[in-house]
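# pasting the structure only:
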């Protein structure tokens, strides 16, 4: 596993990450206390934690901070992810916006776990009102 490269995390960890995105505190705590703090903090960031974005950057995970912005279609963040070859995060961000092309790509590669994660992000985003003061990447 290469920390910070979402596609290299074990499937069980990715499923726990998806549950943390859904707001299930026990999964957030489990990730935090079991050597996956970056995924715990990313789940918190997706749910609106500005301090979480700062933590990600400070602790060597700027790609996850950029991903948080990319799911909101921040072009600067998407360009940064592309420049640094984090294309999987761009695909997940696209799928979280409902992109049929991205979802089809994941399904064709037998990577349904990322479709599940994208659906959980989309579900959360669809329930939110836009926060104009949230800092972007």
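Structure received. This is a predicted model, so every value here is computed, not measured.

# list the buried ones in the worst-scoring helix or strand of the chain on mean pLDDT?
Using mean pLDDT, DSSP states H and E, the weakest-scoring helix or strand in the chain turns out to be helix 50-58, at a mean of 93. Residues 52, 53, 55, 56 are the ones in helix 50-58 that count as buried (16 or more other CB atoms under 10 Å). Using the backbone N, CA and C atoms, a C-beta is placed for each residue, glycine as well.

# list the contacts for the first one?
Neighbouring residues of residue 52 by CB atoms under 8 Å, 6 or more residues apart in numbering: 41, 42, 44, 45, 68.

# which non-adjacent residue is nearest it?
residue 45 (3.7 Å; CB to CB, 6 or more residues apart in numbering).

# right, and that neighbour touches residue 56 too?
Yes: Residue 45 is within contact range of residue 56, at 6.3 Å (criterion: CB atoms under 8 Å).

# what's the farthest-apart pair in the buried residues of helix 50-58?
Using CB to CB, these span at most 7.3 Å, a distance reached by 53 and 55.

# I figured residue 88 hits residue 4, correct?
No: contact criterion CB under 8 Å: residue 88 and residue 4 do not qualify, at 11.2 Å.

# immediately after the helix or strand where residue 19 lies, which helix or strand?
Using DSSP states H and E, residue 19 sits in helix 11-21. For helix 11-21, the succeeding helix or strand toward the C-terminus, using DSSP H and E, is helix 25-33.

# list the contacts of that following helix.
13, 16, 17, 19, 20, 37, 39, 40, 41, 43, 44.
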